[in-house]
Every structure is written in structure tokens, then in C-alpha cells.
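Colleague: From the sequence below, what's the structure:
(chains A and B)
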Amino acid sequence: DAMVIQNPRYQVTQFGKPVTLSCSQTLNHNVMYWYQQKSSQAPKLLFHYYDKDFNNEADTPDNFQSRRPNTSFCFLDIRSPGLGDAAMYLCATTQRGAYGYTFGSGTRLTVV
Amino acid sequence: GESVGLHLPTLSVQEGDNSIINCAYSNSASDYFIWYKQESGKGPQFIIDIRSNMDKRQGQRVTVLLNKTVKHLSLQIAATQPGDSAVYFCAENSGGSNYKLTFGKGTLLTVNP
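Modeller: Prediction:
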């Protein structure tokens, strides 16, 4: 009964080859987040959507883009992955006006 | 700002002992705080939360304490079990109405049998 689903769990991509990670939710939450988590570090917020309003963190590289075509889906596009982009990517959701966040299991990205 | 560390603080306890994990948060305007447990290769798992109008909240075997004066949050785990071994993160809703959730530096808890 997973409520925030990330696909795939593991993704291997080539250096410089565009890659897309996906997140879907069955909670109908209006806020969705993407985090990057490197080994032994805290999750770092890349951006978030409130409905279709996109909020980019100031230090998120331009190499990272996101799309949210509807309430249920959100995508993370890495245009030209570098070795430093290898990490766990986490998706989370919340409903504005409520408390509580739900995380997906993450996608572990390897760049070769 | 957001804290990102290269080395996690560690806490090692004996099974059955109580554990206390501490966290310093950054934004005095944050109004909601959460403790997460993260096991290797998995996403963060909710443990307990607290709003800024409270200073203590208890759950099953866990207690969260909030000291807004010094911007400090702690997680107490009673009768720690081997299954509690994980990395623990505090997180704050630091964006007010923007609902921006940012994480503090984690702590690696190891429970020795």
C-alpha cells in the first residue's frame, strides 16, 4: 500500500547521459519535494512544488530540472549527470494546511 | 542555513539503555519539527513530531523535547533495542507557509546487544 512510489529503486546512467527519475503519489497531496542525499549526509532539498508552483532552492544546479504534469506525478530530470550526482534521490509529499510528510523509498542513482 | 556534514555524529548504547539524540536547528521561525529514522538504503521513516507551541511530546518509547530559546531539539528513546539502530535526523519546517522541510545533521545510533 505504498503511498509515495519512486521508480526505479536503482538507476545506473552514463556520465553525461540525461536521466529521469519518477515519483508518484496516491495521497492527493498538493506539495511534492525532491531531495538529494549523499552517503552519510542529510537529505538536501533541491526543489518543491506547491500545486504547479515551482520553488527552486538557490543552490540547486541548473543541471537539475523538475516537472509536475499533474497532482500525482513529479519527475526529476538530470540533464548531464556527473560523477558527483551519484546519490539517493528522495521524493516526499505533504498537504498544505496539514502536518506530516510522506517519503518514498528513494532511487539510488549511480553514474558510470 | 542547511547543515550538511561529511561525518555523522555517532552514539553507541547498550540494549535496554535509554538514548538521547540531540539536534540544533537553524531557523527561529520554524514552527514544526520532525524526527526521522533512516535505515541503510531506505527512505526516512517518521518517528515523532512536535509543533512550536509545545515543548514536549511523547510517543511509544520516544519523547521529543523542544527548547526554542536555544533552538534545540532532542529525541529520547527508552529501553533502546537493536532494531533502533539507524541514522536519526531532525527536520524543521523552516519555510513557514511555504512548507519547506529542511534536515539537520543526522546521528548514527548503534545499539549493542
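
Colleague: Residue B:77 is in contact with residue B:19, isn't it?
Modeller: Yes: counting by Cβ atoms under 8 Å, residue B:77 touches residue B:19, with 4.3 Å between them. From N, CA and C alone the C-beta is placed, and that goes for glycine too.

Colleague: what is in contact with those two at once?
Modeller: B:84, B:109 (Cβ atoms under 8 Å, 6 or more residues apart in numbering or on different chains).

Colleague: who's more crowded, those two?
Modeller: Set side by side, residue B:77 and residue B:19 show more neighbours around residue B:77, with 23 against 20, by other Cβ atoms under 10 Å in any protein chain shown.

Colleague: Tell me how many other residues crowd the closest residue to residue A:10 other than its chain neighbours.
Modeller: Excluding its sequence neighbours, the residue lying closest to residue A:10 (Cβ to Cβ, 6 or more residues apart in numbering or on different chains) is residue A:108, at 5.2 Å. Close neighbours of residue A:108, defined as other Cβ under 10 Å, add up to 17.

Colleague: Same check on residue A:78?
Modeller: The number of residues near residue A:78, taken as other Cβ under 10 Å, comes to 22.

Colleague: tell me the pLDDT at it?
Modeller: Looking at residue A:78, its pLDDT is 98.

Colleague: again with residue B:97
Modeller: On the pLDDT scale, residue B:97 is placed at 60.

Colleague: now the most centrally placed residue in chain A, which residues is it bridged with?
Modeller: Most central in chain A under Cα atoms, centre = their mean is residue A:34, positioned 3.2 Å from the mean C-alpha point. Beta-bridge pairing for residue A:34 (DSSP bridges): residue A:47, residue A:91.

Colleague: Tell me, how many residues neighbour the residue lying closest to residue B:9 once chain neighbours are set aside?
Modeller: Excluding the flanking residues, the one nearest residue B:9 by Cβ to Cβ, 6+ apart is residue B:107, at 4.9 Å. Using other Cβ under 10 Å, residue B:107 is surrounded by 20 other residues.

Colleague: Test my guess that residue B:107 contacts residue B:84.
Modeller: No: counting by Cβ under 8 Å, residue B:107 stays clear of residue B:84, with 11.9 Å between them.

Colleague: what element comes up after the worst-scoring helix or strand of chain B on mean pLDDT heading to the C-terminus?
Modeller: None of the helices or strands of chain B scores lower by mean pLDDT, DSSP states H and E than strand B:101-103, at a mean of 88. The helix or strand immediately downstream of strand B:101-103 is strand B:107-112, counting by DSSP states H and E.
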